[in-house]
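> no sequence on this one, just coordinates:
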């Protein structure tokens, strides 16, 4: 088996598409606007964004989603994304296990992680 995709839920399809493809710069690989979903390509999986369309999925919006996006040079990527308006909860911080993490939120309150290596 292999990982196919990571799903995240939002409450505004157009705003999500703009944030993930333009602000974060993830490439759009497919779109089903009539279903409120699109995919953005990662190197090793599909990042799937879905508009919450029922009471159950509405509860998935605005959570810590446990998704870590790896950045080659985390400080450079952090600075670039900050200039584009991405809201980080703190600057990149060295972790006891050796990596560097910075958490950020999308416009819907979902928290994702930028992951890098110590320089």
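Arrived safely. As the structure is a prediction and not an experimental result, all values here were calculated from the model.

> now the strands for this protein?
5-10, 28-32, 37-41, 46-51, 64-70, 87-88, 93-94, 99-105, 111-117 (DSSP state E).

> list the buried residues of the first one.
Which is strand 5-10. Of the residues in strand 5-10, 6, 8-10 count as buried by neighbour count, 16 or more other Cβ atoms under 10 Å. For every residue, glycine as well, the C-beta is placed using N, CA and C.

> what is it packed up against?
strand 46-51, strand 64-70 (3 or more Cβ pairs under 8 Å, 6 or more residues apart in numbering; DSSP states H and E).

> between strand 99-105 and the longest one, find me the angle.
Meaning strand 64-70. 130 degrees (axes from the mean of the first three to the mean of the last three Cα atoms, to 10 degrees).

> pull the residues that contact strand 64-70.
6, 8, 24, 42, 47, 101, 110-116 (Cβ atoms under 8 Å, 6 or more residues apart in numbering).

> strand partners (parallel or antiparallel) of that strand?
strand 111-117 (parallel) (DSSP bridges).

> returning to what we had before: got JSON lines for the strands of the chain, with mean pLDDT too?
What follows is the strands of the chain, written out as JSON lines (pLDDT from 0 to 100):
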{"stretch": "strand 5-10", "mean pLDDT": "94"}
{"stretch": "strand 28-32", "mean pLDDT": "97"}
{"stretch": "strand 37-41", "mean pLDDT": "96"}
{"stretch": "strand 46-51", "mean pLDDT": "94"}
{"stretch": "strand 64-70", "mean pLDDT": "91"}
{"stretch": "strand 87-88", "mean pLDDT": "98"}
{"stretch": "strand 93-94", "mean pLDDT": "95"}
{"stretch": "strand 99-105", "mean pLDDT": "95"}
{"stretch": "strand 111-117", "mean pLDDT": "93"}
